[in-house]
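Student: Starting from these lines, generate the structure:
(chains A, B, C and D)
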Protein chains: 2
Amino acid sequence: MRTRLKDVADHLNLSTALVSGVLNKRPNVWASEETRQRIVEAAEKLNYQPSAAAQALIKGKTDTVAFVYRRLEGFNYRLAYSGLVDALSDDLQTSGYDLVVANFATQDDVLRHLQKIASSRACDAVILWGREDDTEPQGELLEKLRVPFLVKGRHERSHPTWNQIDFDHEGMMERAVDHLADLGHTRLAYLGFPHDEGYVHALRRGYFSAHRRRFGHDPDGRFIGEHEDHVAPNEQTILEWLRLPESDRPTAFVIGAGNSAWQTLETCLAQIGRRLGYGASDYAAAGITSLFFTLMFGEAVAFQGIEIDNLARLASPGLLNAILRGEHTQPVHRFLPSLTPAPTLDLLRHGVKFGGSQ
Amino acid sequence: MRTRLKDVADHLNLSTALVSGVLNKRPNVWASEETRQRIVEAAEKLNYQPSAAAQALIKGKTDTVAFVYRRLEGFNYRLAYSGLVDALSDDLQTSGYDLVVANFATQDDVLRHLQKIASSRACDAVILWGREDDTEPQGELLEKLRVPFLVKGRHERSHPTWNQIDFDHEGMMERAVDHLADLGHTRLAYLGFPHDEGYVHALRRGYFSAHRRRFGHDPDGRFIGEHEDHVAPNEQTILEWLRLPESDRPTAFVIGAGNSAWQTLETCLAQIGRRLGYGASDYAAAGITSLFFTLMFGEAVAFQGIEIDNLARLASPGLLNAILRGEHTQPVHRFLPSLTPAPTLDLLRHGVKFGGSQ
DNA sequence: CTGAAAGCGCTTACAG
DNA sequence: CTGAAAGCGCTTACAG
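Tutor: Numbering: from 1, shown residues only, chains lettered A, B, ... in the order given. Alright, predicted model coming up:
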């Protein structure tokens, strides 16, 4: 059997109350310095650790935070979540909390589980992650059940008091527009996602407002392409843009989409003998990428690997601790990363030559 | 306050013993069908869930599995771990267990934490993940402390009785060699990692043994390149190979490395006007990739996204449940994925033409 | 069919 | 300085 408090007390011929008091450094516990020494040493020697279950029962708290989310399909969200658990668990561990992970296939299962952990007092707080469609009802349930929680996403309108974190998607697109405008480009195009989700709208919003601010007018409606993260749909749009007369077509691209948009852009440019870069005849691009992004031919700046763990670092321990202790904090947190030069294979300079297609 | 057993009992004017017995469907508990009904309904109505802490204290088990590992630097391991927590948590949840995640920067911290969760009875079993250098002492500690555990990795020699899972790295390289040999290639080269780790050695071992089996002799010592996952070092080796007379140089590549090896291989081939594929003048390749891999010019087969969650699916619930219940199972599990065609941008066929380098 | 009692391992007043 | 006692919320014999 593992060592209990009683074992330590018996070992020293002391009462459990004294041993407990000393070990927990409780004030108003009087013991000689020598006794304290003996207690601490015996506990160490016997590898005594208080039973987590007994502690939880007594204190009414479990020193545990639950990370609950609905599983999404596909690798994209895997990448987005990669590193998140690392960061969360690390920070929580530092504050003495364990991270319990539970994910489910359906929203119903998630809600059922939230109800369950609330009723069984299985954790002190909850972290919700995922799409707003899912997390909103989840947060509402926890609010009703009076469980402290932190939610990833953009709920500032519907629930301005919720503790929430997310990227500053608007700000990211503004930075991209500013970068391209500073380079002297005036005809910008936008490549985004077609999904009806908070961050997608926020990216688009940021692009539009920055465009108006820099150029005094809305973007050209023809130069908005919103497609799934695959080559084919992006290709059709980009080729159309590039078929316009040179004086008319976009020379710079703001990308609020995935790696496929970048790859397709480079491929299409290559077909007309052009590349991304900073030369007089080069096109330019700036925007979001997934992890592990490498340009093939040219150069560009990007928010690389929208590293979700940066978000997690932002969340904890400060914010999460505040939640756990019921302190009142500024609820809405937004994280704005920086544009950095993307790695490139630089195939052209590398001596790649192709005489024609096979 | 949350609903306690006593609240349900009081609500119905019954004893807690009876309510507990009925709710847990304990045999030898006699209650009329009507009483049972009332108890179940009241529990539901009051949202009663037994206190996790009290249950744990009484039963001596927490219905919790700890997933403990040392954090590694860099994105590669992030990718490798991506999806793992999803899969583990999902399967465990199905069996009624929660997954508690704890990771640390140093091995000392990990060992300290393992000692702690063992002493405080914080979980019923542990999953160890990481490099063998780290997991071996971790497993030895848990063995000493009599905590059931499952470890990722190759400990079949040092600890053949440990419950362990990993990819069948030898088998993967054998499949790659067979694929290339079946295509008619006879001069193979190997691109691998330089690290002194179990899986690296296993990949190399698989390559060598398959080569001997197919060709009756060891691989040519010149055609072994083992480099970090970057372009430059791989490039030097590959260019050297391609500078040999055609009758002498390798025409097929077994890749036991990361995406950089693939990218570099395609780039180098392009410089001599060649590509990966199945034509008479094409070179061929087969092997491992990271997630999100796309060929630029040619075609090849690969173990795509050595999806670690496949490993997790393999581990649980069967294996893990067996561990939790102390059943004796076959301890060593190895997973052998299949070679599948890699996605390609197929730039050449797409009409990309380059007249020369800039 | 039903209820009082002990006990899981700990903490916390409280009386000596 | 020290120890007996109650209680956290539950389960499990055991006596009625």
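Student: Could you identify the helix or strand that succeeds the helix-or-strand element of chain A with minimal mean pLDDT?
Tutor: Confidence across the helices and strands of chain A bottoms out at helix A:75-81, with a mean of 64, counting by mean pLDDT, DSSP states H and E. Using DSSP states H and E, the next helix or strand after helix A:75-81 towards the C-terminus is helix A:84-94.
Student: Show residues contacting the helix or strand that that next one is followed by.
Tutor: Per DSSP H and E, the first helix or strand lying C-terminal to helix A:84-94 is strand A:98-104. Contacts with strand A:98-104, where a contact means CB atoms under 8 Å, 6 or more residues apart in numbering or on different chains, come from A:63-71, A:85, A:88-89, A:92-93, A:110, A:113, A:117, A:122-123, B:64, B:85-86, B:89-90, B:93, B:98-102, B:122. All C-beta spots, glycine's among them, are computed from the backbone N, C-alpha and C.
Student: now the residue of the stretch 201-350 of chain A found nearest DNA strand D, nearest residue through space, not along the chain?
Tutor: The stretch 201-350 of chain A approaches DNA strand D most closely through residue A:326 (18.8 Å), counting by CB to the nearest atom of the strand. Leaving out its chain neighbours, the residue that sits closest to residue A:326 by CB to CB, 6 or more residues apart in numbering or on different chains is residue A:148, at 7.0 Å.
Student: Near the one you found, how many other residues are there?
Tutor: Residue A:148: 18 surrounding residues under other CB atoms under 10 Å in any protein chain shown.
Student: And it, how close does it get to residue A:272?
Tutor: Remark: distance between residue A:148 and residue A:272 (CB to CB, to the nearest Å) = 56 Å.
Student: quick one: buried residues of the longest helix belonging to chain A?
Tutor: Of all the elements of type helix in chain A, the one with the most residues (DSSP state H) is helix A:198-215. Buried residues in helix A:198-215, defined by neighbour count with 16 or more other CB atoms under 10 Å in any protein chain shown: A:198-204, A:206-208, A:210-211, A:214.
Student: got the residue ranges for the helices in the stretch 101-250 of chain A?
Tutor: All helices of the stretch 101-250 of chain A, identified by DSSP state H, counting those that start in this stretch, fall at A:107-119, A:132-145, A:169-182, A:198-215, A:231-243.
Student: Which of those helices has the highest mean neighbour count?
Tutor: Mean neighbour count (mean count of other CB atoms under 10 Å in any protein chain shown) peaks for helix A:169-182 among the helices of the stretch 101-250 of chain A, with a mean of 22.
Student: Settle this for me: residue A:293 is touching residue A:344, isn't it.
Tutor: No - if you go by CB atoms under 8 Å, residue A:293 and residue A:344 don't touch, sitting 9.9 Å apart.
Student: Against chain B, how distant is residue A:257?
Tutor: As for residue A:257, its distance to chain B is 15 Å (criterion: CB to the nearest CB, to the nearest Å).
Student: Please apply the same query to residue A:83.
Tutor: 5 Å.
Student: Provide a list of residue ranges in chain A with pLDDT below threshold.
Tutor: Low-confidence segments of chain A, defined by pLDDT under 70: A:1, A:74-82, A:305-309, A:315-318, A:328, A:351, A:353-358.
Student: Quick one: name the residues of it near DNA strand C.
Tutor: A:1, A:4-6, A:16-17, A:20-21, A:23-24, A:26, A:48-51, A:54-55, A:57-59 (CB under 7 Å from any atom of the strand).
Student: Would you confirm that residue A:302 belongs to a strand?
Tutor: Yes - Residue A:302: assigned to a strand according to DSSP: H, G, I helix; E, B strand; the rest coil.
Student: What's the local residue count around it?
Tutor: By other CB under 10 Å, the residues close to residue A:302 number 23.
Student: coming back round to it: would the residue of the stretch 201-350 of chain A closest to DNA strand D count as being in a helix?
Tutor: No - counting by three-state DSSP, residue A:326 falls outside a helix, being coil.
Student: what's the distance between it and residue A:161?
Tutor: From residue A:326 to residue A:161 the distance is 14 Å (CB to CB).
Student: can you tell me how far the closest residue to residue A:215 other than its chain neighbours sits from residue A:237?
Tutor: Closest residue to residue A:215 apart from its sequence neighbours, by CB to CB, 6+ apart: residue A:186 at 6.9 Å. Per CB to CB, residue A:186 is found 20 Å from residue A:237.
Student: element containing the closest residue to chain B within the stretch 151-300 of chain A, please.
Tutor: As assessed by CB to the nearest CB, chain B sits closest to residue A:270 within the stretch 151-300 of chain A, at 4.6 Å. Here residue A:270, judged by DSSP H and E, is contained in helix A:259-271.
Student: Pull the distance from that helix to the chain's centre.
Tutor: On the basis of CA atoms, centre = their mean, to the nearest Å, helix A:259-271 sits 27 Å off its chain's mean C-alpha point.
Student: which strands and helices sit next to it?
Tutor: With contacts taken as 3 or more CB pairs under 8 Å, 6 or more residues apart in numbering or on different chains; DSSP states H and E, helix A:259-271 sits against helix A:231-243, strand A:252-256.
Student: relative to strand A:252-256, how tilted is that helix?
Tutor: With axes from the mean of the first three to the mean of the last three CA atoms, to 10 degrees defining the directions, helix A:259-271 sits at 160 degrees from strand A:252-256.
Student: next helix or strand past helix A:259-271?
Tutor: Toward the C-terminus, helix A:259-271 is succeeded by strand A:284-288 as the next helix or strand (DSSP H and E).
Student: Could you spell out the sheet neighbours of that following strand, each with its direction?
Tutor: strand A:252-256 (parallel), strand A:301-303 (parallel) (DSSP bridges).
Student: can I see the domain layout of chain A?
Tutor: Per automatic domain parsing, the structural domains of chain A span A:5-50, A:61-152+A:312-335, A:169-304.
Student: Spell out which parts of chain A neighbour DNA strand D.
Tutor: A:13-18, A:29-32, A:35, A:54, A:57-58, A:60.
Student: ChimeraX command for the buried members of these?
Tutor: In ChimeraX syntax, the buried subset of those is picked out as below (16+ other CB under 10 Å):
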select /A:14,18,54,57
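Student: distance of the nearest residue to residue A:231 once chain neighbours are set aside from residue B:349?
Tutor: For residue A:231, ignoring the flanking residues on the chain, the nearest one in space by CB to CB, 6+ apart is residue A:264 at 5.0 Å. According to CB to CB, residue A:264 stands 15 Å off from residue B:349.
Student: just to revisit the earlier point, let's have the buried residues of helix A:198-215 in a markdown table, adding distance to residue B:39.
Tutor: Listed next are the buried residues of helix A:198-215 as a markdown table, based on distance: CB to CB, whole Å:
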| residue | distance to residue B:39 |
| --- | --- |
| A:198 | 44 |
| A:199 | 47 |
| A:200 | 49 |
| A:201 | 49 |
| A:202 | 50 |
| A:203 | 53 |
| A:204 | 55 |
| A:206 | 56 |
| A:207 | 59 |
| A:208 | 59 |
| A:210 | 62 |
| A:211 | 64 |
| A:214 | 68 |
